[in-house]
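In: when you get a sec, could you give me coordinates for this:
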Amino acid sequence: MKDQLAGTGTLLRLALRRDRVMMPVWIMVVALLVLSLPASLESVYGTAAERARLLTTMNTNGSLRALYGPAFGDSIGALTAWRGGIFAGVLAGIMSLVIVVRHTREEEETGRQEMLSAAMVGRRAPLTAALLAALTANGLAALLVTAGLAGRGAGGALALGLGIGATGMLFAALAAIAAQLTESARLAKGLTGALIGAAFVLRAAGDAGSAGGSSVLTWVSPLGWLEHVRAFAAERWWVFALFAAAVAVQVAAAYALAGRRDVGMSFLPARPGPAQGRLGSAGALAWRLQRGSLVGWSLAFLAAGVVFGGMTDGATQLVGDNERTREIIERMGGQSGIADAFLATMAGMLGMIAALYIVSAVLRLSGEESGQRAEPLLANAVGRLRWAGGHLAVAFGGSALILLLAGLGLGIGHGQDVGAAVGATLAQLPAVWVIGALAALLHGAAPRYAVAAWAVAGGALTLGWIGPALNLPQAALNLSPFAHLPKLPGAEALAWAPLLVLTALAAALLAAGLAALRRRDLAA
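Out: Next comes the predicted model:
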């Protein structure tokens, strides 16, 4: 067994070096999501009576329980765990799957792992190094959360920090299994991401149907386990035994699978491609490569729209006469009535999440290029602009499609004007396109740093999500393109100027990116 782990330390140092930018950004996003909440909650619900009233309202509202889960206590620490714990666990899971797949299946897919394996590298060393890198990231996130909340109660802070880290490691182990089963990094990420989404849906369905997290569906979901840790509310330390057992079983399964296949191979066989006529253009190939991801995002946005739309009346009840909460929602969604302001806030949030889709779709160009699949294609009668244009058409058109479906969902869920809801989500498109065009510029001009587009999208999401609650100055919020969009529905008059300016900026960035792509050599 020792020989099979040879080189693990070297591969771990390589992984940490390669992720020296991406990993700290993810860790800070996960930690700040939680650590930004206590001050905001304290300013909104400053008295014990207000917090008790919030607890009662929250736990009797099924739609809000579906989103956040039930609250188990009315202290600031307990409300912080309720408000941010589930979402921090989801982010930790996404961070973990990206790290594990990046250093396992992606290395095999690009051929780098085969070269490394020719040296003194054991069969299971790459998988071990990837899991240790994920453990490092989740451990640091857990440490930051614990340290930041220690003043609210050391036991609760430790429980929440460990719960978030354990959730991340559980999904890291799932990603390790997916990396052995699938033939490509894209498929491994998609499969693990689908499992994270399924875990959220199961927990949401269970919590919507029963108060107190007593549903069987809640216990089936790992995110439900995080909820049942009950940080700052009579912690249940025994729940961590479930996490430990699940991680141990999944890691053992991943190790067993890794020892039974050759480098580059997978257990799920590759399907034969379609007839040549269906791949007769660069655009058709791009659609073939990205359609699965687009379908998944489309279904998720439609479902999210329905859920958020259904929450509108519950959110109005939750706000009640709390002026601080009303101020935060109106700062995010406009001063046009609390229902319209809440819908505008949700439309803005969906737009910021759509920025993550467009970045992933645009950076598929980088994946095709670094995987050396673009070079044979461009050696034929296919120009670079046609090749890039196919992927960019899917990315920019796909972002419009998912926001359209999100608007339909909002209107259907709220049961009001569907057209106004669709207009609110489509108004986010210029800002989404600016971030997508910036990703295209980075790919065209500096492909080694194209991954920085994720930091731009994450920064916009962080500013939009956390900034108003922290009462950040408007100058800081204006760094995000989403801050310049009209607040729809409910705006007195639609301001076309910022929409046109942002669209023109996106077009200019996109043109600059394509021009840079034409001039440079392909990445090795």
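
In: nearest residue to residue 517 in space, please, no chain neighbours.
Out: residue 444 (3.7 Å; Cβ to Cβ, 6 or more residues apart in numbering). Quick note: C-beta positions are derived from backbone N, CA and C, even for glycine.

In: er, residue 29 I mean
Out: Nearest residue to residue 29 in three dimensions, chain neighbours excluded: residue 458, at 5.7 Å (Cβ to Cβ, 6+ apart).

In: next: residue 134.
Out: Computed as Cβ to Cβ, 6+ apart, the closest residue to residue 134 that is not its neighbour in sequence is residue 172, at 3.9 Å.

In: residues contacting that neighbour?
Out: 93, 96-97, 99-100, 131, 134-135, 138 (Cβ atoms under 8 Å, 6 or more residues apart in numbering).

In: if we go to 10 Å?
Out: 92-93, 95-101, 130-131, 133-135, 137-138, 192, 247, 250-251, 254 (Cβ atoms under 10 Å, 6 or more residues apart in numbering).

In: can you check residue 134 too?
Out: 15, 23, 92, 95-100, 102-103, 165, 168-169, 171-173, 175-176.

In: now the residue nearest to residue 134: which helix or strand?
Out: helix 154-181 (DSSP states H and E).

In: pLDDT averaged over the helix or strand that comes right after that helix, what's the number?
Out: Counting by DSSP H and E, the next helix or strand C-terminal to helix 154-181 is helix 185-209. Helix 185-209 carries an average pLDDT of 83.

In: quick check: angle from helix 185-209 to helix 154-181?
Out: 140 degrees (axes from the mean of the first three to the mean of the last three Cα atoms, to 10 degrees).

In: so which other helices or strands are in contact with helix 185-209?
Out: For helix 185-209, the elements it packs on are helix 62-68, helix 76-102, helix 105-110, helix 154-181, helix 216-220, helix 222-228, helix 282-310, helix 364-370, judged by 3 or more Cβ pairs under 10 Å, 6 or more residues apart in numbering; DSSP states H and E.

In: dump those into a markdown table; add mean pLDDT and distance to residue 188 as well.
Out: Converted to a markdown table, the helices and strands packed on helix 185-209 look like this (pLDDT from 0 to 100; distance: least, Cβ to Cβ, whole Å):
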| stretch | mean pLDDT | distance to residue 188 |
| --- | --- | --- |
| helix 62-68 | 72 | 28 |
| helix 76-102 | 90 | 5 |
| helix 105-110 | 78 | 5 |
| helix 154-181 | 93 | 4 |
| helix 216-220 | 88 | 23 |
| helix 222-228 | 92 | 18 |
| helix 282-310 | 83 | 13 |
| helix 364-370 | 81 | 13 |
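
In: look up how far residue 150 lies from residue 204.
Out: Per Cβ to Cβ, to the nearest Å, residue 204 is found 30 Å from residue 150.

In: and what of residue 178?
Out: Taken as Cβ to Cβ, the span from residue 178 to residue 150 is 35 Å.

In: these two: who's more crowded?
Out: Taking neighbours as other Cβ atoms under 10 Å, residue 178 and residue 150 compare with residue 178 leading, 28 against 14.

In: now do the contacts for the more buried one.
Out: Counted by Cβ under 10 Å, 6+ apart, residue 178 has contacts 97, 100-101, 104-105, 171, 185, 187-195, 254, 266, 268.

In: picking up where we left off before, export the helix or strand where the residue nearest to residue 517 lies as PDB, just CAs?
Out: According to DSSP H and E, residue 444 maps onto helix 429-445. The C-alpha coordinates for helix 429-445 follow below in PDB (Å, rounded to 0.1, in the frame of the first residue of the first chain):
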ATOM      1  CA  LEU A 429     -28.900  40.000 -19.100                       C
ATOM      2  CA  PRO A 430     -26.600  43.000 -19.800                       C
ATOM      3  CA  ALA A 431     -24.800  42.500 -16.500                       C
ATOM      4  CA  VAL A 432     -24.500  38.800 -17.100                       C
ATOM      5  CA  TRP A 433     -23.200  39.400 -20.600                       C
ATOM      6  CA  VAL A 434     -20.600  41.800 -19.300                       C
ATOM      7  CA  ILE A 435     -19.100  39.100 -17.000                       C
ATOM      8  CA  GLY A 436     -19.300  36.500 -19.800                       C
ATOM      9  CA  ALA A 437     -17.600  38.900 -22.200                       C
ATOM     10  CA  LEU A 438     -14.900  39.500 -19.600                       C
ATOM     11  CA  ALA A 439     -14.300  35.800 -19.400                       C
ATOM     12  CA  ALA A 440     -14.000  35.700 -23.200                       C
ATOM     13  CA  LEU A 441     -11.500  38.500 -23.100                       C
ATOM     14  CA  LEU A 442      -9.400  36.700 -20.400                       C
ATOM     15  CA  HIS A 443      -9.500  33.500 -22.500                       C
ATOM     16  CA  GLY A 444      -8.500  35.300 -25.600                       C
ATOM     17  CA  ALA A 445      -5.800  37.600 -24.200                       C
END
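
In: the bottom helix or strand of the protein by mean pLDDT?
Out: The helix or strand of the chain with the poorest confidence is helix 323-333; it has a mean of 52 (mean pLDDT, DSSP states H and E).

In: picking up where we left off before, report the buried members of the contacts of residue 178.
Out: Neighbour counting over the contacts of residue 178 (16 or more other Cβ atoms under 10 Å) leaves 97, 100-101, 104-105, 171, 185, 187-193, 195, 254, 266 as the buried ones.

In: mind listing what's buried along stretch 239-258?
Out: Here stretch 239-258 shows 239-240, 242-243, 246-247, 250-251, 254-255, 257-258 as buried, counting by 16+ other Cβ under 10 Å.

In: name the single longest helix found in the chain.
Out: Using DSSP state H, we find that the single longest helix of the chain is helix 384-414.

In: next SSE downstream of that helix?
Out: helix 418-426.

In: picking up where we left off before, so for the helix or strand following the helix holding residue 444, what's the average pLDDT?
Out: Toward the C-terminal end, the helix or strand that comes next after helix 429-445 (DSSP H and E) is helix 452-466. Regarding helix 452-466, the rounded mean pLDDT is 80.

In: give the next helix or strand downstream of helix 452-466.
Out: Counting by DSSP H and E, what follows helix 452-466 is helix 474-477.
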